[in-house]
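1. dropping a prediction and its sequence here:
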Amino acid sequence: MSAPETTPNLSPEAPAGPEPALWTRQRLWGAIGLVALFWAALNWAWLSGALTIPWDAKAHFQPQLQFLASSLARGEAPFWNPHVFAGHPQIADPQSLIASPPHLIAAWLFPRPDPLVGDAVVLASLLAGALALVMLFRDRNWAPAGAVTTALVFAFGAAAAWRIQHIGQVMSLSYFAITLWLMARALSRGSARYGLAAGFMAGLMVLGRDQVALIGVYTLAGLTLAAWLQSGAPLRAIRHSLKPLSAMALATIITAALPILFTLMLAEQSNRPMIDLEGAGKGSLHPASLLTLLVANLFGAAGPLENFWGQPSPRWNEVFGPVDLFLARNMSVAYIGALPLLAIAGIGILMGRAWDPAIRAVSIATVVVLLYALGRYTPLFQLLFGLLPGVAFYRRPADALFNFGALAAILAGYCVHVLATGHAARPARLWQWLAGLAALGLGLGGALALAMHADRLGVAAIPLLASAIVLLMGGVMLWFVRRAHLAAPMAAALFIASVIGIDLAVSNGPSESTGLPTAQYDVLRPDSANETISLLKAGLTRTAAPDRRDRIELAGIDFHWPNASMTHGFDHTLGYNPLRLGDYSRATGAGDHIALPDQRRFSPLMPGYSSLLANMLGLRFIASRVPLEQVDRSLTAASLASGPLRQIARTADGYIYENSAALPRVMVVAEARTVDTGLLLATGKWPEGFDPARTVLLPDPVPPAACEPPKEATAGPASASIRRYANTEVVVEVQSPACGFLVLNDAWQRWWSADVNGEAEPVLRANVLFRAVAIPAGRSTVVFRFEPFAGLASDMAARMPPSLARGLGQFVTSIDALISR
């Protein structure tokens, strides 16, 4: 007896019986070739290097890739990043790309990756997801025309096109598509091998640690549950699924568990606030944005910015009333193409084929995900926010448009398959035609009415006209698809791909949100000749000394500048990242970003650039788009003229200042005092008489160590010299006439350890933010090491019974030692 079918809605096997096989080897390669051809054509603006994916793709992810590549090229572990926020635990950051195999491969192949490398990785990931869906259609014996429809809509529809700059979410979407195909095979065949493959891909998806991945997990679970319920014998289907699902779960855990644990431990120390329902609701898709299903650029999202009149633009708020939303203009575009939309509406909804057992679960998931994206505008999101684990971690339900695009692509492809193969041979009734035309008329009429009421018909007219044209083209193509499929299935696929490709190239093509001139990001090239970068490099070379490693700050120059420190190897007091060490943010005022001068926030402990904490950070050079007194209101022209902080250059990018009071990176101090760190952060009042060159402030008393006289005479004052400064290791040679402390002015984090002359010594939290170790008199070698695996083991052990804790500690410490070697 054959195994029961457990995935009727996603079965990868061709149906038994008289159903003719729609696929041959030639048709499979033809469909793959078509998808690849249109992928290359629609992406040529980026692949040619004329344009590059802008905004977060460059401001955040390109420097991450460059740091990863340069670290690997030097033979260093990329687990700690010294170039932003005075030090950052890169291994625990979901957006560091360390856990992304495609980016790891690119970083290994290209030690100095330019913008095209980063773009190619994300575009290729979408191609991989699209081809996985082609394989799903082939396995299901759904027509090649439907497969090509799904692949193109997946790669170029909805958020996949309009939010291509959000690299992590695009990668999660691609992994979702691949996981879906592999899981369908695993369940249909009862295959542990495919289950392991699906689990590995699911683990990569989960490692995105974003909302797209979360929704993807729930979607896969829902489709599996639906398959069991639809099988006719749920218990038997569950038994048949145990082997592949167990293998999938095992592979997912092995792939994702450790990085997720790192992130959870970092979250305890981070700046991330709790997100409540009201805060999450500000990231909801406004119902009026559903009109972009018909007219992609209705609200002028493609640019220029002054043309944008959708939610929550000033024009919308003025005309229709304020909406308390926090969304970028490109985050609300749901366009999947005219032909796919007509196929879903006509075949799927009006003719009821979306309720076919083969696609029913996908249809339900598509609707649920769209309702989820609407957030606070429907009761569903509030219910899920409190019910489903993980939903409350994220602030923007509109992210679900990524998942909606993928599911709508599958649904549209199935509807094209139904039409092409004659399964919808019964002609539509008159009322169905009328209902469909009325819906289109209402949609287009509503869009026109909104534009006229907002006095934005000049912006909306061309998109409305383009929408009418592509709707007509799509309708005509659907009318002939059955005849074309009977004559030549691959010709039908080509015709369908041409219509969809032209539509998506025009409607979802490069815009100000998705494609800008590559030259605009020259500063993110390691070999950039930018004047500001060159002056900073020269300044850092001039001030270099054995005890110094001066920091810089890039204050509000432009959106893509804050993480340029990773590209050029600068140590920056700030950066661009929504995830930071919490105490560092509280102490310095560091925010997510500093693209604009007014985004620089100070704090009680660092009230300005002339503060003691700025000096302790070693902040030597500051580059600002505007005069510095417009960033730091405590400064005046007079103080800048007479104090240690002075302007030294003016470039096309802004103003460069030097702070001659910046302290060295390493210092030897003779004494310690105990302070209340929380009180210091709150008040910003250093203890009276505190001099960081003589005293270190510690949160806990340090018992006096037995201090023996130095074994050899130590001439001269105390000194410290940096002998090696790597990502995860800092070696300092110390000379001290008496016992004291070595202070390293890098961010303290509990996964750092230290050896003094080969003996382990605790890394103390010094002066609120920094690191210190006790040193003996005489000459010493101090080695600081970042040991995240041992640190994670210690964190986990604190939450476990003692016996388990000891075993875990030994196991993870051995892994840490192996990686260190």
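-> Everything's here; your move.

2. next secondary structure after the longest helix along the chain?
-> Counting by DSSP state H, the longest helix found in the chain is helix 234-269. Moving toward the C-terminus from helix 234-269, the next helix or strand (DSSP states H and E) is helix 277-281.

3. how about the next helix or strand after that following helix, which residues are buried there?
-> Proceeding N to C from helix 277-281, the next assigned helix or strand is helix 314-320, under DSSP H and E. By 16 or more other C-beta atoms under 10 Å, the buried positions in helix 314-320 come out as Arg315, Trp316. In short, each C-beta sits where N, CA and C put it, glycine included.

4. can you check stretch 547-562 too?
-> Neighbour-count burial for stretch 547-562 flags 548-562 (criterion: 16+ other C-beta under 10 Å).

5. over to stretch 638-648?
-> Ser639, Leu640, Leu645, Gln647.

6. output it as PDB, restricted to C-alpha atoms.
-> Taking Å, rounded to 0.1, in the frame of the first residue of the first chain, the C-alpha atoms of stretch 638-648 are listed here in PDB:
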ATOM      1  CA  ALA A 638      34.300  81.400  21.300                       C
ATOM      2  CA  SER A 639      34.800  78.100  23.000                       C
ATOM      3  CA  LEU A 640      35.700  76.400  19.700                       C
ATOM      4  CA  ALA A 641      38.200  79.100  19.000                       C
ATOM      5  CA  SER A 642      40.000  78.900  22.400                       C
ATOM      6  CA  GLY A 643      39.400  75.400  23.700                       C
ATOM      7  CA  PRO A 644      40.900  72.000  22.900                       C
ATOM      8  CA  LEU A 645      38.200  71.300  20.400                       C
ATOM      9  CA  ARG A 646      38.900  73.300  17.200                       C
ATOM     10  CA  GLN A 647      38.000  73.200  13.500                       C
ATOM     11  CA  ILE A 648      40.900  72.000  11.400                       C
END
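
7. how close does Thr266 get to Thr573?
-> Slight slip there: residue 266 is Leu, not Thr. Per C-beta to C-beta, to the nearest Å, Leu266 is found 20 Å from Thr573.

8. kindly apply the preceding question to Arg694 instead.
-> Taking C-beta to C-beta, one finds Arg694 at 24 Å from Thr573.

9. looking at the two, which one has more neighbours?
-> Thr573 (25 against 13; other C-beta atoms under 10 Å).

10. how close does the more buried one sit to Gly375?
-> Going from Thr573 to Gly375 by C-beta to C-beta gives 36 Å.

11. what's the burial count for Ala120?
-> 17.

12. in CSV: the buried residues of stretch 638-648, plus pLDDT.
-> Shown next, in CSV, are the buried residues of stretch 638-648 (pLDDT from 0 to 100):
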residue, pLDDT
Ser639, 87
Leu640, 88
Leu645, 96
Gln647, 96
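
13. of those residues, closest to Gly740?
-> Distance to Gly740 across the buried residues of stretch 638-648 (C-beta to C-beta) is lowest for Leu645, with 29.8 Å.

14. wait, isn't the closest one in contact with Leu635?
-> Yes. Using C-beta atoms under 8 Å, Leu645 is in contact with Leu635, at 7.3 Å.

15. overlap in contacts, those two.
-> Shared contacts of Leu645 and Leu635 (C-beta atoms under 8 Å, 6 or more residues apart in numbering): Tyr609, Ser610, Leu628.

16. just give the nearest non-adjacent residue to Phe690, would you?
-> In space, and not counting its chain neighbours, Phe690 is closest to Leu697: 6.8 Å by C-beta to C-beta, 6 or more residues apart in numbering.

17. whichever helix or strand that neighbour is part of pairs with which strands, and in what direction?
-> For Leu697, the host element (DSSP H and E) is strand 695-698. Counting by DSSP bridges, the strands paired with strand 695-698 are strand 671-674 (parallel).

18. pull the CA atoms of the partner strand into PDB?
-> Presented in PDB, the C-alpha positions along strand 671-674 are these (Å, rounded to 0.1, in the frame of the first residue of the first chain):
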ATOM      1  CA  GLU A 671      44.000  53.600  42.600                       C
ATOM      2  CA  ALA A 672      40.400  52.600  42.400                       C
ATOM      3  CA  ARG A 673      37.200  54.000  43.800                       C
ATOM      4  CA  THR A 674      33.700  52.400  44.100                       C
END
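
19. mind jotting down where the helices sit in the stretch 501-650 of the chain?
-> 531-543, 564-568, 582-588, 612-616, 637-642 (DSSP state H, counting those that start in this stretch).

20. format those as TSV; extra columns: distance to Ala86.
-> Putting the helices of the stretch 501-650 of the chain into TSV (distance: least, C-beta to C-beta, whole Å) gives the following:
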stretch	distance to Ala86
helix 531-543	16
helix 564-568	11
helix 582-588	6
helix 612-616	10
helix 637-642	24
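
21. least confident of those, on average?
-> The minimum mean pLDDT among the helices of the stretch 501-650 of the chain belongs to helix 637-642 (a mean of 86).

22. hmm, back to that, most neighbours among the shared contacts of Leu645 and Leu635, please name it.
-> Counting by other C-beta under 10 Å, top hit in those: Tyr609 with 26 neighbours.

23. Ala161 against Gly515, yeah?
-> No. Counting by C-beta under 8 Å, Ala161 stays clear of Gly515, with 10.4 Å between them.

24. these two: who's more crowded?
-> Using other C-beta under 10 Å, the more surrounded residue of Ala161 and Gly515 is Ala161, with 26 against 20.

25. show me the shaky parts of this protein.
-> Applying pLDDT under 70 to the chain flags the ranges 1-19, 273, 423-428, 703-716, 802-821.

26. need the residue closest to the centroid of it.
-> Gly168 (3.3 Å; C-alpha atoms, centre = their mean).

27. how about the CA coordinates for the strand or helix carrying that one, as CSV?
-> Following DSSP H and E, one finds Gly168 within helix 167-189. Extracted in CSV, the C-alpha atoms of helix 167-189 (Å, rounded to 0.1, in the frame of the first residue of the first chain):
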residue,chain,number,x,y,z
ILE,A,167,18.4,42.8,3.1
GLY,A,168,17.7,40.6,6.1
GLN,A,169,14.0,40.4,5.4
VAL,A,170,14.6,39.7,1.7
MET,A,171,17.0,36.8,2.7
SER,A,172,14.3,35.4,5.0
LEU,A,173,11.8,35.5,2.2
SER,A,174,14.0,33.7,-0.1
TYR,A,175,14.8,31.0,2.5
PHE,A,176,11.0,30.7,3.1
ALA,A,177,10.4,29.8,-0.6
ILE,A,178,13.2,27.2,-0.6
THR,A,179,12.0,25.7,2.7
LEU,A,180,8.5,25.4,1.4
TRP,A,181,9.6,23.4,-1.7
LEU,A,182,11.9,21.1,0.3
MET,A,183,9.3,20.6,3.1
ALA,A,184,6.7,19.7,0.5
ARG,A,185,9.0,17.0,-0.9
ALA,A,186,9.9,15.8,2.5
LEU,A,187,6.3,15.4,3.6
SER,A,188,5.1,13.8,0.4
ARG,A,189,7.9,11.3,0.2
